[in-house]
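Peer 1: build me a model:
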Amino acid sequence: MEPPQKERTTITRPRASIPGLCIAIALALCTSALADQRYVVRGNDSYQIGHSDLQTQISYSGTQQLSIVRQGKQTRFVAKVRYTRTDQEGRSSASASFAQEMAPSGELQDSADADPDYLTVLNQPFAIELDEETLRDLLHLHGSVPFDFPSPITGGSLKGYLLRASVARVSGKPAVGVGFDATGPMVGPLPDHPNISMHGKIRMRGAAYYALHGALLLALDETLTITGSLNDRAGSTPVTIVYKRSIRADGAQSVMTEAQAVHP
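Peer 2: Sure, this is the predicted structure:
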């Protein structure tokens, strides 16, 4: 049986500040112009189905370019990635792109999704840029703040909390971090496999770092873990699926640890 495929959930990201930060980790965009930004991307998918120690591993590595185009009151963000995909059959070259449009009201809508492996900086649970008010609120955030947002797999809801992570330098730029940890149920038929249902839970955790000047997303680490059982006419089979993504501004060094990002 093939591993289940991730399902795309389109999210409209409204302009908001903390506690609006907690609505969907959908952090709003400011309107100041920024230069294009390059990123280094890494990722790993692992699937374990059944009690066997046998696992399926897929890894990704590449670079991407983020472009920002402003036309009047409209803003368009486009991320393009070139990467190498490595699995048990070997290596292959691939590319992906993702685009978002920001309306004059500040709402951000996904407009073009050609990113099946979730590698673009725009196709993540954090917005690409904060407005000044949200950044200011983040700098003064103490403790954890509850939130919920749509699951990237089921279209359901994940509930958890946000907290400010450390202040660090990313690619030579001072940045402030925000950590998150959220869980929710994983119940229902698998995408592309309506005859197979899954019952379990999903957990998403990680941290993002935003530039203190310009509030652009400079670094992101996230892990999505699914545990449960696949159920069909033949019976029930345990399954564990882990998706990991790391995106950093070009030239950035590792600036965060799991302990800094989210305290369990």
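Peer 1: so, low pLDDT: which residues of the stretch 1-150 of the chain?
Peer 2: Screening the stretch 1-150 of the chain residue by residue with the criterion pLDDT under 70, one finds the ranges 1-35, 52-54, 105-106.
Peer 1: separation between the closest residue in space to residue 245 that isn't next to it in sequence and residue 235?
Peer 2: Counting by C-beta to C-beta, 6 or more residues apart in numbering, residue 43 is the residue found nearest to residue 245 once chain neighbours are left out, at 4.7 Å. C-beta: built from backbone N, CA, C; applies to glycine. From residue 43 across to residue 235, the span is 32 Å (C-beta to C-beta, to the nearest Å).
Peer 1: so the two - more neighbours on which side?
Peer 2: residue 43 (20 against 8; other C-beta atoms under 10 Å).
Peer 1: how near is that one to residue 187?
Peer 2: Noted for residue 43: a distance of 26 Å to residue 187, by C-beta to C-beta.
Peer 1: now residue 194
Peer 2: In terms of C-beta to C-beta, residue 194 sits 14 Å off from residue 187.
Peer 1: the helix or strand residue 238 falls within pairs with which strands?
Peer 2: Using DSSP states H and E, residue 238 sits within strand 235-249. Using DSSP bridges, strand 235-249 pairs in its sheet with strand 37-49 (antiparallel), strand 217-232 (antiparallel).
Peer 1: most packed of these?
Peer 2: Greatest average neighbour count among the strands paired with strand 235-249 goes to strand 217-232 (a mean of 20), per mean count of other C-beta atoms under 10 Å.
Peer 1: what mean pLDDT would you report for that one?
Peer 2: Strand 217-232 shows a mean pLDDT of 89.
Peer 1: hey, C-alpha coordinates of it in CSV?
Peer 2: The C-alpha trace of strand 217-232 is given here as CSV (Å, rounded to 0.1, in the frame of the first residue of the first chain):
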residue,chain,number,x,y,z
LEU,A,217,10.2,35.2,7.9
LEU,A,218,13.9,34.2,8.0
ALA,A,219,13.8,30.7,9.5
LEU,A,220,11.3,28.0,10.1
ASP,A,221,11.5,24.5,11.6
GLU,A,222,8.4,22.3,11.8
THR,A,223,7.5,18.7,12.5
LEU,A,224,4.1,17.1,11.7
THR,A,225,3.6,13.7,13.3
ILE,A,226,0.6,11.4,12.6
THR,A,227,0.1,8.3,14.7
GLY,A,228,-2.8,5.9,14.6
SER,A,229,-4.2,2.9,12.7
LEU,A,230,-5.3,2.3,9.1
ASN,A,231,-8.6,0.4,8.9
ASP,A,232,-9.9,-1.5,5.9
